[in-house]
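> sequence unknown, structure follows:
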Ligand SMILES: Nc1ncnc2c1ncn2[C@@H]1O[C@H](COP(=O)(O)OP(=O)(O)OP(=O)(O)O)[C@@H](O)[C@H]1O
């Protein structure tokens with residue numbers, strides 16, 4: 001469904017993404033993880049056409065992404081990203097309806113089916129009660145859920161999400177990730193929380209310094225050795241008692257002996 005073929009992004013002397021080859025099959029959820037600055041968002045931006053790669057090819061089904069019109073690619077790829085902002089003072093209902101734009105012609109308005117689709121997405125993302133509110137008045141998590149609803153109603157074959165759980169409380173994180181486990185959806189998602197990634201993803205791809213260093217089912221990829229090597233963190237990996245998914249437990253390392261702290265001066269002891 002989605003295939004990145006030796007995708008590279010170079011800016012000046014820097015290689016942000018290095019010959020990345022990765023496929024996401026129809027109905028699959030693939031997670032992209034890696035340290036800060038490892039190239040995850042950059043790779044994703046090439047998929048939703050915010051950035052033109054300097055090398056390699058993005059295939060959407062049988063078609064090369066760069067040959068599609070913007071309307072065609074908006075029907076094929078829906079994105080929920082850090083760039084999905086809504087600076088205009090639309091209502092929640094209006095913002096969600098914007099997700100249908102790639103399917104409308106000219107000034108065509110939404111039909112009954114489309115309005116029902118929007119209502120359903122708002123219900124699933126728990127924002128129906130906010131329908132008439134201006135998006136600029138929403139909290140960060142509420143706004144993130146509105147943008148997720150907008151991406152869902154786009155009914156694109158492929159959904160790409162960049163840290164979609166940003167701003168969400170744990171109930172809404174779990175609910176949003178649950179929505180991704182829909183056989184109708186093909187998903188490429190950037191996640192920082194490796195435990196949530198293990199719970200939701202069929203496969204996990206690990207980027208380090210722009211290069212793919214591991215890809216496979218969570219239990220094969222999320223080993224203590226990989227987490228130490230890529231993230232520089234000691235983790236204990238245990239199977240989830242109910243699902244068997246790998247879960248990582250972290251302990252804070254002892255504080256390194258830095259310079260001596262200034263001694264606490266108590267009142268009345270000024271020299
Ligand atoms: N236009 C640019 N020019 C130079 N460097 C850039 C440019 N855009 C991004 N970078 C750098 O490329 C690297 C990869 O950035 P990217 O946003 O893809 O990382 P990321 O893996 O998504 O990180 P994070 O986990 O912090 O969101 C970073 O070091 C970033 O500073």
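Looks like it came in fine. Since the model is a prediction, treat every value here as computed from it, not as a measurement. Numbers count the residues shown, from 1 in each chain.

> Helices of this protein, start to end?
Counting by DSSP state H, one finds helices in the chain at the ranges 40-47, 70-76, 92-98, 112-124, 140-153, 170-180, 194-200, 218-221, 224-226.

> what about the last one, distance to the chain center?
Relative to the centre of its chain, helix 224-226 is centred 23 Å away, using Cα atoms, centre = their mean, to the nearest Å.

> Show me what it is packed against.
strand 235-239 (3 or more Cβ pairs under 8 Å, 6 or more residues apart in numbering; DSSP states H and E). From N, CA and C alone the C-beta is placed, and that goes for glycine too.

> So for the lowest-mean-pLDDT helix or strand in the chain, what gets flagged as buried?
In the chain, no helix or strand scores lower on mean pLDDT, DSSP states H and E than helix 70-76, which sits at a mean of 89. Using 16 or more other Cβ atoms under 10 Å as the test for burial, helix 70-76 gives 73-76.

> would you turn these into JSON lines with distance to residue 83?
Shown next, in JSON lines, are the buried residues of helix 70-76 (distance: Cβ to Cβ, whole Å):
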{"residue": "73", "distance to residue 83": "15"}
{"residue": "74", "distance to residue 83": "14"}
{"residue": "75", "distance to residue 83": "19"}
{"residue": "76", "distance to residue 83": "18"}
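
> Name all residues that make contact with the residue nearest in space to the middle of the chain.
Centroid-nearest residue in the chain: residue 162, 2.6 Å away (criterion: Cα atoms, centre = their mean). Residues in contact with residue 162 (Cβ atoms under 8 Å, 6 or more residues apart in numbering) are 40-41, 44, 79-82, 189-190.

> separation between it and residue 247?
Residue 162 sits 23 Å away from residue 247, going by Cβ to Cβ, to the nearest Å.

> Do any residues in stretch 179-195 lie close to the ligand?
No. Using Cβ under 6 Å from any ligand atom, stretch 179-195 stays clear of the ligand, with a minimum separation of 6.5 Å.

> Sort out which residues of that stretch are buried, please.
Residues of stretch 179-195 classed as buried by neighbour count (16+ other Cβ under 10 Å): 179-180, 185-191, 193-195.

> So what touches it?
With Cβ under 8 Å, 6+ apart as the test, stretch 179-195 has contacts from 1-2, 24-33, 40-41, 44, 47, 124-125, 148, 152, 157-165, 173, 197, 200-201, 222, 227, 245, 247-248.

> do the same with stretch 108-124
Residues from elsewhere that reach stretch 108-124 (Cβ under 8 Å, 6+ apart): 92-93, 96-97, 99-100, 103-104, 128, 130-131, 146, 149-150, 152-153, 155, 179.

> Make a ChimeraX selection of whichever of those residues turn out to be buried.
Restricted to buried positions by 16+ other Cβ under 10 Å, the ChimeraX selection for the contacts of stretch 108-124 reads:
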select :92,93,96,97,99,100,103,128,130,146,149,150,152,153,155,179
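
> Would you mind listing what in the stretch 1-150 of the chain touches the ligand?
So the stretch 1-150 of the chain meets the ligand at 11, 14, 16, 34, 36-42 (Cβ under 6 Å from any ligand atom).

> can you list those in CSV and add neighbour count and pLDDT?
Output for those, formatted as CSV (neighbours: other Cβ atoms under 10 Å; pLDDT from 0 to 100):
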residue, neighbour count, pLDDT
11, 10, 95
14, 8, 96
16, 20, 98
34, 23, 98
36, 7, 97
37, 12, 97
38, 22, 98
39, 23, 97
40, 25, 98
41, 19, 97
42, 20, 97
